[in-house]
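Visitor: Structural data only, the sequence is not supplied:
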């Protein structure tokens, strides 16, 4: 009976961290590209890279980049929760064999 609160807490943290990871990655990449765009020689490359990222996110979001990022983040969150559930199950199975 003690396993349920631990499972819920672990699932919440895994889902939350898996949801935040794509947002942080895209945000960090976008800020980095904006910083690179300040350099005159690299500005065109950075702008085309930003447009490519925007196009990919728009593809996943039916024309809306933020909706695409939300779809990717929700998929990451779901997969993170499934992986955490599998790890929780395997940990319990391993403990029963000891």
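Guide: Nice, I can see it. What you see is a predicted model, and the numbers here were worked out from it, not measured in a lab.

Visitor: separation between the one residue sitting closest to the centre of the chain and residue 3?
Guide: The residue lying closest to the centre of the chain (CA atoms, centre = their mean) is residue 22, at 2.9 Å. Separation of residue 22 from residue 3 (CB to CB, to the nearest Å): 30 Å. In this view, the C-beta of every residue, glycine as well, is placed from N, C-alpha and C.

Visitor: Can you give me the buried ones in the host helix or strand of residue 13?
Guide: With secondary structure defined by DSSP states H and E, residue 13 is part of helix 3-36. By 16 or more other CB atoms under 10 Å, the buried positions in helix 3-36 come out as 10-11, 14-15, 18-19, 22, 26, 33.

Visitor: Give me the distance from it to the chain's centre.
Guide: Put simply, helix 3-36 sits 5 Å off its chain's centre (CA atoms, centre = their mean, to the nearest Å).

Visitor: Average pLDDT for that helix, rounded please.
Guide: Helix 3-36 carries an average pLDDT of 94.

Visitor: and the angle from whichever helix or strand comes after that helix to helix 3-36?
Guide: Counting by DSSP H and E, the next helix or strand C-terminal to helix 3-36 is helix 43-60. Between the axes of helix 43-60 and helix 3-36, defined by axes from the mean of the first three to the mean of the last three CA atoms, to 10 degrees, the angle is 140 degrees.

Visitor: quick one, what contacts residue 73?
Guide: The neighbourhood of residue 73, defined by CB atoms under 8 Å, 6 or more residues apart in numbering, consists of 19-23.
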